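Peer 1: Quick one, structure for this:
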Amino acid sequence: MMITESQNIEFKESWRDEYQKWICGFANAQGGTLYIGLRDNGEVCGILYAKKLMEDIPNKVRDMMGILVEVNLIEKDEKQYLEIVTEAYPYPISFRGKYYQRSGATNQELKGAALDRFMLRKQGKTWDGVPVPYLKAEDLDNATFDLFRKYAKRSGRMEEADLMDDNHGLLEKLRLYESNYLKRAAALLFHPDPEQYVTGAFVKVGFFREGMDLVYQDEVHGNLFQQIVKLMDLLCTKYMKAIITYEDIQRIETLPMPREALREALLNACINKDYAEPSPFKSACMKTSWR
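Peer 2: Next up, the predicted model:
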């Protein structure tokens, strides 16, 4: 059966020590197999000193990355090639101090926010679940807690007895503590100025005319509850033009989209933003047809 390169398979015509990057990438992803002695099209070109490499490669991988790989010798058409099988590892694997991960048919070095997410995922954590030193319950905004209680009572998703608890108790019920530390999610949801802890935790809104010329823009700051309230008011009063109709003497204003749909879109955008990236969420819902 003909094999081809894929997410879990890579071909190399000969061995170089730098190809341990691919082994590292497989170990940090779903595992995979590196074939030495095959061309990109899967044709066997064979390698020299195959038996020596069978001994050298596992030792080098163990010494450089601290992991074990299975190296098999395969013969076809009187040519020899190697099959290096790497299992997926539950903890981060580095090669010469750098982290790689298999993505599609490519091997990517992980840097910046991507590396942070990878490290947290390997530890079974999420970005918003990381504890924040020096953040205390008394630093959070009481008015936002009151707003949350109002929304939670209306939705019926929390017991009324839990909502009667103090702010500290409510944070515990919401699982926003890890040991004695509040998590990043608590800062995003309840702190009056979450940008003290999360760079880029605000929203930019811009109005563009034809030709993508920016006419004006605004920034919306505060925690996520405050941002949604401010955004709804800003979009409905400044960025969207209501259609005016009348029923007898009553004036009726109809927005280009229902308020409920707009609010849902804003909630999804703010909640699903990648806050590991330092840039703010930029609204892309402004259309010239709204004017």
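Peer 1: alpha carbons only for contacts and neighbour counts from here, please
Peer 2: OK.
Peer 1: from memory R96 sits against M64, does it?
Peer 2: Yes. Applying Cα atoms under 8 Å as the test, R96 and M64 come out as touching, 7.1 Å apart.
Peer 1: A strand includes E264, no?
Peer 2: No. E264 is assigned helix when assessed by DSSP: H, G, I helix; E, B strand; the rest coil, not a strand.
Peer 1: number of nearby residues for it?
Peer 2: By the criterion of other Cα atoms under 10 Å, E264 has 11 neighbours.
Peer 1: for R117, same thing?
Peer 2: Under the neighbour criterion other Cα under 10 Å, R117 is assigned a count of 17.
Peer 1: So for R96 and M64, which residue has more residues nearby?
Peer 2: Higher neighbour count among R96 and M64: M64, with 16 against 10, using other Cα under 10 Å.
Peer 1: Can you tell me how far that one is from E195?
Peer 2: 40 Å (Cα to Cα, to the nearest Å).
Peer 1: before we move on, what about E219?
Peer 2: According to Cα to Cα, E219 stands 13 Å off from E195.
Peer 1: Return every residue with contacts to both of the two.
Peer 2: Common contacts of E219 and E195, defined by Cα atoms under 8 Å, 6 or more residues apart in numbering, comprise F202.
Peer 1: Would you confirm that Y181 contacts V130?
Peer 2: No. At 9.1 Å, Y181 and V130 do not qualify as touching, with contact defined as Cα under 8 Å.
Peer 1: for this protein, what spans make up the helices?
Peer 2: Assigned by DSSP state H, the helices in the chain fall at 20-27, 50-65, 112-122, 142-155, 160-163, 167-173, 184-190, 224-234, 259-272.
Peer 1: Tell me which residues touch P92, please.
Peer 2: For P92, the contact set (Cα under 8 Å, 6+ apart) comprises N28, Y99, M119, K122.
Peer 1: Help me confirm that the second one comes into contact with F26.
Peer 2: No. In this structure Y99 lies outside contact range of F26 using Cα under 8 Å: 11.0 Å.
Peer 1: Those two: which is more packed in?
Peer 2: Ranked by neighbour count (other Cα under 10 Å), Y99 and F26 place F26 first, with 29 against 20.
Peer 1: From F11, how far out is the more buried one?
Peer 2: According to Cα to Cα, F26 and F11 sit 13 Å apart.
Peer 1: Over to A201?
Peer 2: As judged by Cα to Cα, A201 and F11 stand 43 Å apart.
Peer 1: Please say which of the two ends up with more neighbours.
Peer 2: Ranked by neighbour count (other Cα under 10 Å), A201 and F11 place A201 first, with 28 against 22.
Peer 1: In space, what's closest to L135 - neighbours in sequence excluded?
Peer 2: Using Cα to Cα, 6 or more residues apart in numbering and skipping residues adjacent in sequence, the residue nearest L135 is L182, 6.3 Å away.
Peer 1: ok, the one you found - how many residues close by?
Peer 2: Taking other Cα under 10 Å as the criterion, the count of residues near L182 is 23.
Peer 1: So that it lines up with my notes, have the first residue be 40 from now on.
Peer 2: Sure, I'll start counting at 40 from here, so that last one is L221.
Peer 1: what sits against it?
Peer 2: P170, V171, P172, L174, K175, A176, L215.
Peer 1: Contact partners for the fifth one?
Peer 2: Think K175. Residues counted as contacts of K175 (Cα under 8 Å, 6+ apart) are Y220, L221.
Peer 1: Relative to L210, how far out is it?
Peer 2: Counting by Cα to Cα, the gap from K175 to L210 is 11 Å.
Peer 1: and for these two, which residues touch both?
Peer 2: Shared contacts of K175 and L210 (Cα under 8 Å, 6+ apart): none.
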